[in-house]
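Novice: Any chance you could fold what I've pasted below:
(one chain, ligands or ions: 1)
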Amino acid sequence: MKIKYIALLLLIGIWACSKQAPKEDIIILEESSFNENWKFSKGEKANGMKAEFDDSSWRQLDLPHDWAIEGPFDEKYNARSGGLPFHGIGWYRKKFNVPNQLEGKKAFVHFEGVMNRAEVWINGQKIGERPYGYIGFQLDMTPYLKFGQENTIAVKCAPEDLSTRWYPGAGIYRDVWFEYKEPVHIAFDGTFITTPQVSKEKSTVNIKTEVKNTSEQAVKFTLETVILNQKGEQVSSQNTVIEISANSESVVEQVTEIQDTELWDLKNPHLYKAISRIKNGQKLLDFEESTFGIREISFSADQGFRLNGEKVRFQGVCLHHDQGPLGAAVNRRAKERQLQIMKDMGVNAIRTSHNPPSKTLLNLCDEMGLLVIDEAFDCWRKAKVENGYNKFYDEWSERDLRDMIRRDRNHPSIIMWSIGNEILEQSSKDGWKETRRLARITKDEDTSRPVTAGFNYYPASVINKLAHEVDIPGFNYKPMKYKEILEQHPDWIIYGSETSSCTSSRGVYHFPIETYKKHESLQVTSYDLIGPVWSSPPDLDFDMLAENPRVLGEFIWTGFDYLGEPTPYGGRDNSTNGYWNGDWPSHSSYFGAADLCGFPKDRYFLYQSQWTEKPMVHVLPHWNWEGKEGEIIPVHAFTNCDEVELFVNGKSYGKKVKGVDLTPIPMIHRFWKSDKPLMSKYRLSWDVPYQAGTIKVIAYKDGKAIVEKEISTAGKAHHIELEADRTLIASDNKDLSYITVKVVDKEGNLCYKANNNIKFEIEGKGKIAGVGNGNAASLTPLQGDQMEVFSGMALAILKVDKGAKESFKLKASAEGLESASIQIQLKDMAL
Ligand code: GAL
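Specialist: Coordinates of the predicted model:
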């Protein structure tokens, strides 16, 4: 067996195994990464699918890959979708050998996501296509494979202009796998694990395994399912003997009990693993590993959402899928960092707006203890953009929805299936019919989680009864209607599927505090009061959630800034016949609590002050207002403590008590029918005549000073400071070190007004994976070796070639500043 494995390894070179099989197993049955050594070229290629096509001049690369993030930014690519060249045609090709020994077996290629309108050929023969870029798919290569010879796989992607409301990325942007199976095997995504009875003492686990027999004979086999806990100890084992007739499929159901269960929850997200083996006598036919968690979720009108019997209110964020400067090409560390930043803000739930996310994101949510609403679509039949998913809806929606659920159903983090966001059918009298159809499909796949959707038309979504067709209607931007909805429908369970949509730019403040939406700088003041007409400052949502305790919680728009949708600098208006009208060069969103680099904006701390318990205090604005001496600067503080005292150059401006000393904030929400401002219980504020120096806030709990923050007026920009999130990374061309770059004065105070251009150089084998600064209007390429600081800061993301053994250095320099460097060590360094 072992010799056979080694021979295969040499011959095809694709068996970099992702799953750890027990030693005696036949490794060839496992899935193997198919990410390496692809050729790529942009533009239409008449015979790009043919094996003999000459691709020698094409660029060689490893997947996942997003061709659009490489830029350049250009207005012609449409600011709404990020101003990046995502549309057009891109071809990928790869040559690989398959050994003779594998003849008679089944070979599949599994794409986790291709953006978009993908078509796939093996040796010139088309094996399939998939228009929706966010869904994974598996294709059978077997009929056209040449065993013992070289094969060519070719993939064409053809994303169209005006096909999306945000930046989608372009190309094979998620992982690809080569999968090899015996004729009798577990179906693709064919294992479904539920936990019908859950308690710490004893839980029941139900495992349904779909087995396929693609051979011409009936086959008798044993399905052996072993469950391991997180320590790798076996906690259950089941053997079921089944006969399956020729060319057929059968579902094997196994039920087992786990004593002394380690439940999956937000603090201790314990995961189990089910290992399923199909054996014919001693011969192993297939092997699958499925990670799952044991947890109980329940939703009720009076108790809200409960996880293992404990009430949890959603402190949620909506997230688009891009990873800022890295674009859409999925990277585990980038996602992990995003989620960690969100968790530190106090987030406990993610809504994957508005499409199926990467598997990587869901795995991380399982591991990190985050709840997920898994969302299928942003539109159904009625178009939101000219070339949107509506074009494929009739043919593909059922399949895409089923495939999303089949792929994702074992993730303990997922608590609801969302069948759509703000679908325009809300305004149709018979919109309920389509809602019912999709809800039924969802239930047909999984009854263990409720069906939801995010409705923004109110009351249309209720009048037209779409809201009646889902288990839990989500309402976008309707905090002031929660009461009315619940009064009219006392048995409904509802939540804010999208809230706030407040906009801001990190470190930017305009005085006096604006009541207008746009500013010539193309930035938005960070007092967090400005947004589109449907939006509201977070304060209104906090109030309405407090007044309506039955509402399950909220999902703010958004946790992170994302590429595209640069509202308020662009939008739909009458002069453009409803089409997007931009304010170039604004091209990425201002909606995030964190910017595109993941640097927190002020709003991040406003949420943190409501959502976390570890004592914190935050103060804004920065203190660099030369020329405004003596003018009043509004100073705001956020805290989760009882009270805050402000000091300016050592002089106390007095203590303010949270919830008692209120801050008036002008309201922009379309349902706010009063001229009066909202009196915020969540912000403490002082009007301070400006004088250069230091502002300091001290927060008190039970009368005791517990935490403080200080900002000083910066002197002349003097040097660069570099700070790595991690100085030790793996040499695998994937792991990342995020370097925060700051321009500071001699004393180390951040120079908010600095805009120096920083040049990055690498000494050694390291690479710059991306650069950024969080400025939604900067046109500096995100994949380059320089970036100007924005509000004093920038970001460089580093990685290193596979197999590199020596540490490397990043040097950052700028004219007129002392440069800085930082050393990154490698986990796999030669000793
Ligand atoms: C919502 C929409 C989101 C985003 C947001 C901006 O209506 O669902 O995708 O566009 O508005 O405020």
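Novice: Neighbours of the residue of the stretch 501-650 of the chain found nearest the ligand, how many?
Specialist: Closest to the ligand within the stretch 501-650 of the chain is Ser501: 3.5 Å, counting by CB to the nearest ligand atom. Placement of C-beta: from N, CA and C, glycine included. Residues within reach of Ser501, counting by other CB atoms under 10 Å, total 23.
Novice: Quick check: closest non-adjacent residue to it.
Specialist: Ser535 (3.5 Å; CB to CB, 6 or more residues apart in numbering).
Novice: May I ask you to name the longest strand in the protein?
Specialist: Criterion DSSP state E: the longest strand present in the chain is strand 184-197.
Novice: what angle separates the helix or strand following that one from strand 184-197?
Specialist: Next helix or strand after strand 184-197 toward the C-terminus (DSSP states H and E): strand 202-213. Per axes from the mean of the first three to the mean of the last three CA atoms, to 10 degrees, the angle that strand 202-213 makes with strand 184-197 is 160 degrees.
Novice: what is the mean pLDDT for the longest strand of the chain?
Specialist: In this model, strand 184-197 has a mean pLDDT of 97.
Novice: Pairing partners for that strand, with directions?
Specialist: Sheet partners assigned to strand 184-197 using DSSP bridges are listed as strand 202-213 (antiparallel).
Novice: Residues contacting the helix or strand harbouring Gln315, please?
Specialist: Assigned by DSSP H and E, Gln315 falls within strand 314-318. With contact meaning CB atoms under 8 Å, 6 or more residues apart in numbering, strand 314-318 is reached by 305, 342, 345-351, 353, 371, 373, 495, 498, 552-560, 593, 607, 610-611.
Novice: orientation of the helix or strand Leu339 falls within relative to strand 314-318 in degrees?
Specialist: Under the criterion of DSSP H and E, Leu339 resides in helix 332-345. Following the same axes, to 10 degrees, one obtains 140 degrees for the angle between helix 332-345 and strand 314-318.
Novice: what's the distance between the closest residue to the ligand within the stretch 701-831 of the chain and Met342?
Specialist: For the stretch 701-831 of the chain, the residue closest to the ligand is Ala776, as judged by CB to the nearest ligand atom, at 13.8 Å. Per CB to CB, to the nearest Å, Ala776 is found 20 Å from Met342.
Novice: swap in Lys765?
Specialist: 32 Å.
Novice: repeat for Asp322
Specialist: Asp322 is 15 Å from Met342, by CB to CB.
Novice: and what of Arg399?
Specialist: Going from Arg399 to Met342 by CB to CB gives 31 Å.
Novice: any idea which element the nearest residue to Met404 once chain neighbours are set aside lies in?
Specialist: Setting aside the residues directly before and after it, Met404 is nearest to Pro356 in space (CB to CB, 6+ apart), at 4.4 Å. Counting by DSSP H and E, no helix or strand carries Pro356.
Novice: how about Pro356, what does it touch?
Specialist: Residues near Pro356 by CB under 8 Å, 6+ apart: 134-136, 374-376, 400, 404, 407-408.
Novice: So which of the residues you listed belong to strands?
Specialist: 374-375.
Novice: Return the closest of the contacts of Pro356 with respect to the ligand.
Specialist: Closest to the ligand out of those is Glu375 (10.3 Å), distances taken as CB to the nearest ligand atom.
Novice: Provide the partner residues of that closest one in its beta bridges.
Specialist: Ser418.
Novice: For it, grab the count of nearby residues.
Specialist: Neighbours around Glu375, by other CB under 10 Å: 27.
Novice: Next up, the contacts around it.
Specialist: Contacts of Glu375 by CB under 8 Å, 6+ apart are 351-356, 418, 420-421, 454.
Novice: try it again with 10 Å
Specialist: Counting by CB atoms under 10 Å, 6 or more residues apart in numbering, Glu375 makes contact with 134, 318, 351-357, 404, 416-421, 452-454, 474, 497.
Novice: Please list which of these also come close to the ligand.
Specialist: Among the contacts of Glu375, the residues lying close to the ligand (CB under 6 Å from any ligand atom) are 353-354, 421.
Novice: Adding neighbour count, write those out as JSON lines.
Specialist: As requested, those are arranged in JSON lines below (neighbours: other CB atoms under 10 Å):
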{"residue": "Ser353", "neighbour count": "26"}
{"residue": "His354", "neighbour count": "25"}
{"residue": "Asn421", "neighbour count": "25"}
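Novice: Looking at these, spot the one nearest Gly630.
Specialist: The nearest member of those to Gly630, counting by CB to CB, is Ser353 at 45.6 Å.
Novice: Name the nearest residue to the closest one, sequence neighbours excluded.
Specialist: Counting by CB to CB, 6+ apart, the residue nearest Ser353 is Cys318, at 4.1 Å.
Novice: swap in Ile706?
Specialist: Using CB to CB, 6+ apart, the closest residue to Ile706 is Pro615 (4.7 Å).
Novice: Could you confirm that neighbour falls within a helix?
Specialist: No. Assessed by DSSP: H, G, I helix; E, B strand; the rest coil, Pro615 does not belong to a helix; its assignment is coil.
Novice: what pLDDT, on average, does the strand holding Gln315 get?
Specialist: 99.
Novice: Just checking: what are the partner strands of that strand?
Specialist: For strand 314-318, the paired strands and their directions (DSSP bridges) are strand 349-351 (parallel), strand 553-557 (parallel).
Novice: The residue of the stretch 151-300 of the chain found nearest the ligand and Ser33, how far apart?
Specialist: Going by CB to the nearest ligand atom, the ligand is nearest to Arg165 of the stretch 151-300 of the chain, at 6.0 Å. Arg165 is 32 Å from Ser33, where distance means CB to CB.
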